[in-house]
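Asks: Any chance you could fold what I've pasted below:
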Amino acid sequence: MDQEQEEIARTLESLEKQLDDIENLDPASRQRLHDTVAGIRQRLHLDEEELVEHEGLLERVRETAQEFEDSHPTLFQTLGRIIDALGQMGI
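Replies: Residues are numbered from 1 along each chain as shown. A predicted model of the protein is given here:
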């Protein structure tokens with residue numbers, strides 16, 4: 001795993017901790033975030049050729065981030081860091 005992937009992995013861990021600490025998150029939103037995290041983790045282990053097949057990932061993370069912009073700004077910021085890192089990886 002290269003440095004960018006390691007940074008994303010650390011940020012995902014932070015996101016999961018934040019998610020565990022939020023009590024007022026509806027079950028559907030919680031599940032969507034868990035699914036997004038799982039999708040990112042899966043893609044961290046793909047090579048460049050395989051990543052091309054998963055181009056919708058970045059858009060999905062952006063949509064998820066927008067959902068939390070007002071209600072959970074810390075989650076929004078963490079997702080923003082993930083979006084930036086994924087962009088740097090060329091995803």
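
Asks: rest of the way, CA atoms for contacts and neighbours
Replies: Will do.

Asks: And the helices in this protein?
Replies: Using DSSP state H, the helices assigned to the chain run over residues 3-21, 27-44, 48-52, 56-68, 73-88.

Asks: Deepest-packed of those, please.
Replies: Per residue and on average, the most neighbours among the helices of the chain fall to helix 73-88, with a mean of 18 (mean count of other Cα atoms under 10 Å).

Asks: measure the closest residue in space to residue 87 that isn't next to it in sequence to residue 26 for me?
Replies: Leaving aside its sequence neighbours, residue 87 sits nearest to residue 58 (Cα to Cα, 6 or more residues apart in numbering; 7.7 Å). From residue 58 over to residue 26 the distance is 23 Å, taken as Cα to Cα, to the nearest Å.

Asks: same check, this time on residue 16
Replies: 15 Å.

Asks: try residue 5
Replies: For residue 5, the distance to residue 26 - Cα to Cα - is 29 Å.

Asks: confidence score at the closest residue to residue 30 other than its chain neighbours?
Replies: Distances taken as Cα to Cα, 6+ apart put residue 19 closest to residue 30, at 7.4 Å, once the chain neighbours are dropped. Listed pLDDT for residue 19 reads 87.

Asks: again, but for residue 45
Replies: Value listed for residue 45 in the pLDDT field: 71.

Asks: Please apply the same query to the one 4 residues further on.
Replies: The confidence metric pLDDT takes the value 53 at residue 49.

Asks: what's the neighbour count on residue 90?
Replies: Residue 90 has 12 neighbours, counted by other Cα atoms under 10 Å.

Asks: who's in contact with it?
Replies: If you count contacts by Cα atoms under 8 Å, 6 or more residues apart in numbering, residue 90 has none.

Asks: No more questions from me, cheers.
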